[in-house]
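Peer 1: pasting the sequence and the predicted coordinates here, then a few questions.
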Amino acid sequence: MIRAIVTDIEGTTTDIRFVHQVLFPYARQRLAEFLRHEHEQPDVAAALDALRAEIDRPQASIEALIEQLFTYMDNDVKSTSLKVLQGIIWRTGYENGDFRGHLYEDVAPQLQAWHEDGLKLCVYSSGSVDAQKLLFGHSDAGDLTPLFSGYFDTRVGAKRETESYQNIAEQLILPPQDLLFLSDIRQELDAARLAGWHTCQLIRDDADDVSDHLQVNRFDQIALETFL
Ligand SMILES: CSCCC(=O)C(=O)COP(=O)(O)O
Ligand SMILES: [Mg+2]
C-alpha cells in the first residue's frame with residue numbers, strides 16, 4: 001500500500017518553462033553581482049566553500065567561482081552549490097512578488113486530497129530544499145508547505161542514481177514498496193524502480209516519451225490502488 005508520495009518539480013508539478021524561462025534567467029542575471037557583494041554572508045560563503053571542494057580548487061577566487069557557476073548554468077549541471085546559490089537569489093524574487101511558483105492546476109487539489117487521506121507527501125528535486133520550500137510556499141495556489149513533510153535535494157544523491165532513492169526511503173523509515181515517485185524523466189523513474197519503489201511518469205503538455213512506467217497527464221489520473 002502506498003504510504004508516501006515523493007514528487008519531482010520541473011515537468012511534474014511545474015511547467016519546465018517556468019524553471020528555464022523565469023527562475024534560471026532571474027538567478028543568472030544577478031549571480032555575479034550578488035556574489036561580488038555577498039560572498040561573506042555565512043550561507044553564501046558556505047556554498048562557495050562547498051563549490052571549491054566540489055571542483056577541488058581550495059584557493060579559487062570569487063571571479064573563478066563565478067566563471068565555474070556560469071559554466072554549470074550553461075550546461076544545466078545539477079551542482080549542489082549552484083542550486084543552493086540559485087535558491088538564495090530566488091528568495092528575493094518570490095518575496096518581492098516578481099514571480100510565484102508555477103503549479104499545474106490539477107496539482108494543489110490532488111496534493112490536498114492525498115494529505116487528507118493521510119498520505120505522507122515529499123518533494124525530491126535538484127533544486128535546493130530551500131528553493132523547493134519557496135516554490136511551494138509562494139505558489140500559484142498559495143502556501144502549500146503545510147501539506148509536505150519532507151524535502152530532498154541532491155544532498156541525498158543525484159536523481160538518476162538508485163542509491164538516492166534508497167537514502168530517501170531510509171530517511172522516511174518506510175519500505176520501498178510503500179513509496180511512489182512521480183517524475184517526468186524516465187531515467188529518474190528507472191532509478192527509483194531499481195530501489196524497489198512504485199513509479200508514475202507525468203506526461204505534461206506536448207511531452208512525448210516512450211517508457212514502461214505507468215504514464216498519466218495529470219495528478220488526478222493517479223489511482224493509488226493501481227500500485228499493489
Ligand atoms: C525548486 S525549482 C528549481 C528546480 C531546479 O533548479 C532544477 O534544476 C530542476 O532540476 P530537476 O532535476 O528537479 O528536474
Ligand atoms: Mg522533472
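Peer 2: Alright, I've got the coordinates. Ligands and ions are numbered 1, 2, ... in the order given.

Peer 1: so who does the residue in the chain that ligand 2 sits nearest to touch?
Peer 2: Evaluated by CB to the ion, the chain has residue 11 as its residue closest to ligand 2, separated by 3.7 Å. The C-beta positions use only the backbone N, C-alpha and C, and glycine is treated the same way. Applying CB atoms under 8 Å, 6 or more residues apart in numbering to residue 11 gives the contacts 183, 184, 185, 202, 204, 207.

Peer 1: need those residues in JSON lines (columns: secondary structure and neighbour count).
Peer 2: Below are these laid out as JSON lines (DSSP: H, G, I helix; E, B strand; the rest coil; neighbours: other CB atoms under 10 Å):
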{"residue": "183", "secondary structure": "strand", "neighbour count": "25"}
{"residue": "184", "secondary structure": "coil", "neighbour count": "21"}
{"residue": "185", "secondary structure": "coil", "neighbour count": "18"}
{"residue": "202", "secondary structure": "strand", "neighbour count": "26"}
{"residue": "204", "secondary structure": "coil", "neighbour count": "16"}
{"residue": "207", "secondary structure": "coil", "neighbour count": "13"}
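
Peer 1: got a list of what the closest residue to residue 95 other than its chain neighbours touches?
Peer 2: Counting by CB to CB, 6 or more residues apart in numbering, residue 95 lies nearest to residue 138, which is 7.8 Å off, once chain neighbours are set aside. Counting by CB under 8 Å, 6+ apart, residue 138 touches 94, 95, 100, 101.

Peer 1: ok, now with 6 Å
Peer 2: By CB atoms under 6 Å, 6 or more residues apart in numbering, the contact list for residue 138 reads 94, 100, 101.

Peer 1: and residue 80, by the same measure?
Peer 2: Contacts of residue 80 (CB under 6 Å, 6+ apart): residue 154.

Peer 1: for residue 134, see how far away the residue of the chain positioned farthest from its centre is.
Peer 2: For the chain, the largest distance from the centre (CA atoms, centre = their mean) belongs to residue 59, which lies 30.3 Å off. Distance, residue 59 to residue 134, by CB to CB, to the nearest Å: 32 Å.

Peer 1: could you do residue 189 as well?
Peer 2: Taking CB to CB, one finds residue 189 at 26 Å from residue 134.

Peer 1: higher neighbour count, these two?
Peer 2: Neighbours per residue, other CB atoms under 10 Å: of residue 189 and residue 134, the larger number sits with residue 189, 28 against 22.

Peer 1: so which strand or helix has the more buried one?
Peer 2: Using DSSP states H and E, residue 189 sits in helix 186-194.

Peer 1: show me what that helix is packed against.
Peer 2: helix 162-172, strand 198-202 (3 or more CB pairs under 6 Å, 6 or more residues apart in numbering; DSSP states H and E).

Peer 1: deepest-packed of those, please.
Peer 2: Burial of these is given as mean neighbour count (mean count of other CB atoms under 10 Å); strand 198-202 ranks first at a mean of 23.

Peer 1: all helices for this protein, in order.
Peer 2: Assigned by DSSP state H, the helices in the chain fall at 16-18, 24-38, 42-54, 62-74, 80-95, 107-116, 129-137, 162-172, 186-194.

Peer 1: can you tell me which residues in the protein are near ligand 1?
Peer 2: 8-10, 19, 23, 78, 83, 125-127, 131-132, 135, 159 (CB under 6 Å from any ligand atom).

Peer 1: same list, those, but as TSV with neighbour count and pLDDT please.
Peer 2: Formatted as TSV, the residues of the chain next to ligand 1 follow (neighbours: other CB atoms under 10 Å; pLDDT from 0 to 100):
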residue	neighbour count	pLDDT
8	23	98
9	24	98
10	21	97
19	20	98
23	25	98
78	16	96
83	24	97
125	25	98
126	22	97
127	27	97
131	27	98
132	24	98
135	29	98
159	23	97
